[in-house]
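Undergrad: Model the following, please.
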Amino acid sequence: MKSVDRALYLLSFFTVQEPEWGLSDLARKSKVDKATTLRILVALIRNGFVEQHSETRKYRLGIAVLRLARVREASFPLLSFINPVLDRLAEEMEETAHATLAAETAMITVAVTEPKRSTRVWVNPSQLLPFHATASGLAFLAFAAPEVRDGVLAEGELVRYTKNTVVEAEELRAQLDQIRNRGFAFAPGSFEVESSGVAAPIFSSSGDAFGSVAIAGVASRMTTDKQLKAARLVVGASVEISRAIGAEPHPSILRAKKDLLDA
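TA: As a prediction, the model looks like this:
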């Protein structure tokens, strides 16, 4: 089982910014010894999840990753529901709209739509978004299964990305309670100083959140009125996406949808 964990851990280092790795560099970055790294890479190559460039000898993701992604989307479609919603949010808000799914240690961006304006927030599709420092992560945690939320809160020292990042467990717990009651999360410059996010959870048939839909705007443009508009949009999107995949949103989300429409 440890070998599987290590293999998946090594795969996480392949990103849009760093799509290829040399053996020594990957071993150094992952802090996995070189011999073990090579053994895992050979196994991944054998199964098509990694391939090696014939000239540079660097490693990159293989086509098996694409096959699994296609199987997942064909069997349990999600992006086909999400992308049109994000397109609408980005157009109406004129800010970046994105959707994330929860992994074990952070949120993973699965879809992004950018607005048609030169100054905008760029959401890196390969960057892991921390649970405690982003609107997406906070919205997920607030409506996640209790054991998931407690597991994050029980972790060691949380990273402080900006002066607005909440890192104390009790303060974070209180923040999550407020989000759960309000129905959406607002993170003003808590991950990146010049970016403010508003997000609402996406629910599974279990009734717990498994992802989020969010709007990330340039902080100077996110006035109180803009925040309320973004909240209305993401809460509406939360209801729409959740129901499209056969789930029913939490009562707080439905109440927030009504309150925001009446505001």
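Undergrad: Please make it C-alpha for all contacts and neighbour counts, starting now.
TA: Will do.
Undergrad: how about the helices of the stretch 51-200 of the chain, start to end?
TA: Counting by DSSP state H, counting those that start in this stretch, one finds helices in the stretch 51-200 of the chain at the ranges 64-75, 79-93, 135-143, 146-153, 169-182.
Undergrad: Can you tell me which of these is packed in deepest?
TA: Most buried of the helices of the stretch 51-200 of the chain, by mean neighbour count (mean count of other CA atoms under 10 Å): helix 135-143, with a mean of 31.
Undergrad: what's in contact with it?
TA: Helix 135-143 is contacted from outside by 100, 102, 106-107, 129-132, 148-149, 176-177, 179-180, 184-187, 197-202, 208-214, using CA atoms under 8 Å, 6 or more residues apart in numbering.
Undergrad: Which residue of this protein lies farthest from its centroid?
TA: The centre of the chain is farthest from one residue, Glu55, which by CA atoms, centre = their mean lies 34.8 Å away.
Undergrad: TSV for the helices of the stretch 51-200 of the chain, including distance to Phe14 and mean pLDDT?
TA: As requested, these are exported to TSV (distance: least, CA to CA, whole Å; pLDDT from 0 to 100):
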stretch	distance to Phe14	mean pLDDT
helix 64-75	12	79
helix 79-93	22	93
helix 135-143	22	96
helix 146-153	25	88
helix 169-182	31	94
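Undergrad: now the ones you listed as JSON lines including distance to Val42?
TA: Formatted as JSON lines, the helices of the stretch 51-200 of the chain follow (distance: least, CA to CA, whole Å):
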{"stretch": "helix 64-75", "distance to Val42": "14"}
{"stretch": "helix 79-93", "distance to Val42": "32"}
{"stretch": "helix 135-143", "distance to Val42": "34"}
{"stretch": "helix 146-153", "distance to Val42": "33"}
{"stretch": "helix 169-182", "distance to Val42": "41"}
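Undergrad: re earlier: next one: the residue farthest from the centre of the chain from Ala200, what distance?
TA: In this structure, Glu55 and Ala200 are 46 Å apart, going by CA to CA, to the nearest Å.
Undergrad: Backbone dihedrals for the residue farthest from the centre of the chain, please?
TA: The phi/psi pair for Glu55 (degrees, to the nearest 10) reads phi -100, psi -50.
Undergrad: And it, what's its pLDDT?
TA: pLDDT recorded at Glu55 is 89.
Undergrad: ditto for the one 4 residues further on
TA: pLDDT for Tyr59: 95.
Undergrad: Would you list the phi and psi of Pro249?
TA: Dihedral angles (degrees, to the nearest 10) for Pro249: phi -60, psi 160.
Undergrad: Run through the residues that contact it.
TA: So Pro249 contacts Ile202, Phe203, Gly207, Ser238, Val239, Ser242, Arg243 (CA under 8 Å, 6+ apart).
Undergrad: Looks to me like Ala35 is in a helix.
TA: Yes: note on Ala35: a helix contains this position according to DSSP: H, G, I helix; E, B strand; the rest coil.
Undergrad: Distance check, it against Arg28.
TA: With the distance defined as CA to CA, Ala35 ends up 12 Å from Arg28.
Undergrad: burial measure for Val166, as a count.
TA: By the criterion of other CA atoms under 10 Å, Val166 has 20 neighbours.
Undergrad: if you skip the residues just before and after it, what's nearest to it?
TA: Excluding the flanking residues, the one nearest Val166 by CA to CA, 6 or more residues apart in numbering is Leu172, at 6.1 Å.
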